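J.: please find the sequence and the predicted model below.
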Amino acid sequence: QKEVEQDPGPLSVPEGAIVSLNCTYSNSAFQYFMWYRQYSRKGPELLMYTYSSGNKEDGRFTAQVDKSSKYISLFIRDSQPSDSATYLCAMSDTGGFKTIFGAGTRLFVKA
Amino acid sequence: EAGVTQFPSHSVIEKGQTVTLRCDPISGHDNLYWYRRVMGKEIKFLLHFVKESKQDESGMPNNRFLAERTGGTYSTLKVQPAELEDSGVYFCASSQSGGLRGQYFGPGTRLTVT
């Protein structure tokens, strides 16, 4: 069993839709949770980071962590074609050093 | 502020040859990481430097891989001799304070071993 499970998609939505991306994990020691966005042929770009459980909002993006269910989510409101990318969840059980990644979900936002 | 840079962007070598990848982290970042993504798989951690010291090299696949970070600045990752299964994208990342603020990734080096 993988430590982090993420549906690879692809996920296709119309412009303006609310997008929900999710990951589950098995290691209860994970404390730091991150979402990265990766465009084709580029490196991952940090979008959001959270520590332990709770919600965090940044503009159109909201990250949620439910440690009791070992489940994290990223919501994108008012999705735009420029949001089309691969979204990677990532997590760590230390000071955020060794990071474990999900497989990434490919998102397509249609104009 | 310049981001993490990696060189080369793409390398094609034959099985048995040696390749050296270079990473220049963001200035002032003491933590430097190497990751790789092989075809169809997740990005996997290889190792972590704090300044010039290897803090965690638990992800290094075998002794054909050697990472160094001279003077705590740039880092190199050497693969010698390269095997077909080493093909993939090698990412370098750096951070100042560890996971609390996430890691900043370079564009990656695409390695193809033929």
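T.: Received, thanks.
J.: wait, what's in contact with B:K44?
T.: B:K44 is in contact with A:F101, B:Y35, B:R36, B:R37, B:V38, B:G59, counting by Cβ atoms under 8 Å, 6 or more residues apart in numbering or on different chains. Every C-beta, even on glycine, is put in place using the N, C-alpha and C of the backbone.
J.: neighbours around the fourth one, how many?
T.: When you say that, I think you mean B:R37. Other residues within reach of B:R37, judged by other Cβ atoms under 10 Å in any protein chain shown, total 20.
J.: ok, now the second one?
T.: Look at B:Y35: counted by other Cβ under 10 Å, it has 27 neighbours.
J.: that one touches B:S94, doesn't it?
T.: No. In this structure B:Y35 lies outside contact range of B:S94 using Cβ atoms under 8 Å: 11.7 Å.
J.: tell me the SS of the closest residue to chain B within chain A?
T.: Going by Cβ to the nearest Cβ, chain B is nearest to A:G96 of chain A, at 0.7 Å. Under DSSP: H, G, I helix; E, B strand; the rest coil, the three-state class of A:G96 is coil.
J.: pLDDT score for the most centrally placed residue in chain B?
T.: Geometric centre of chain B, nearest residue: B:W34, 3.3 Å, by Cα atoms, centre = their mean. On the pLDDT scale, B:W34 is placed at 98.
J.: then A:E15?
T.: The model reports A:E15 with a pLDDT of 97.
J.: can you give me the neighbour number for the closest residue to it other than its chain neighbours?
T.: Nearest residue to A:E15, sequence neighbours excluded (Cβ to Cβ, 6 or more residues apart in numbering or on different chains): A:A111, at 5.2 Å. For A:A111, the count of nearby residues is 9 (other Cβ under 10 Å).
J.: likewise for B:S95?
T.: Number of residues near B:S95 (other Cβ under 10 Å) recorded here: 25.
J.: over to A:I76?
T.: Residues near A:I76, counting by other Cβ under 10 Å, number 23.
J.: which ones are touching the closest residue to it other than its chain neighbours?
T.: Distances taken as Cβ to Cβ, 6+ apart put A:V19 closest to A:I76, at 4.1 Å, once the chain neighbours are dropped. By Cβ under 8 Å, 6+ apart, the contact set of A:V19 is A:L11, A:V13, A:L74, A:F75, A:I76, A:S79, A:D83, A:L107, A:V109.
J.: please apply the same query to B:T73.
T.: Listed by Cβ under 8 Å, 6+ apart, the contact set of B:T73 reads B:D24, B:P25.
J.: give me the pLDDT for it.
T.: At B:T73, pLDDT is 91.
J.: what does B:G99 give?
T.: On pLDDT, B:G99 comes in at 54.
J.: show me which residues of chain A sit near chain B.
T.: For chain A, the contact set with chain B under Cβ under 8 Å from any Cβ of the partner chain comprises A:2, A:4, A:32, A:34, A:36, A:41-46, A:49, A:51, A:88, A:92, A:94-104.
J.: quick one: B:E85 from chain A, how far?
T.: Distance, B:E85 to chain A, using Cβ to the nearest Cβ, to the nearest Å: 19 Å.
J.: doesn't that residue lie inside a helix?
T.: Yes. Assessed by three-state DSSP, B:E85 belongs to a helix.
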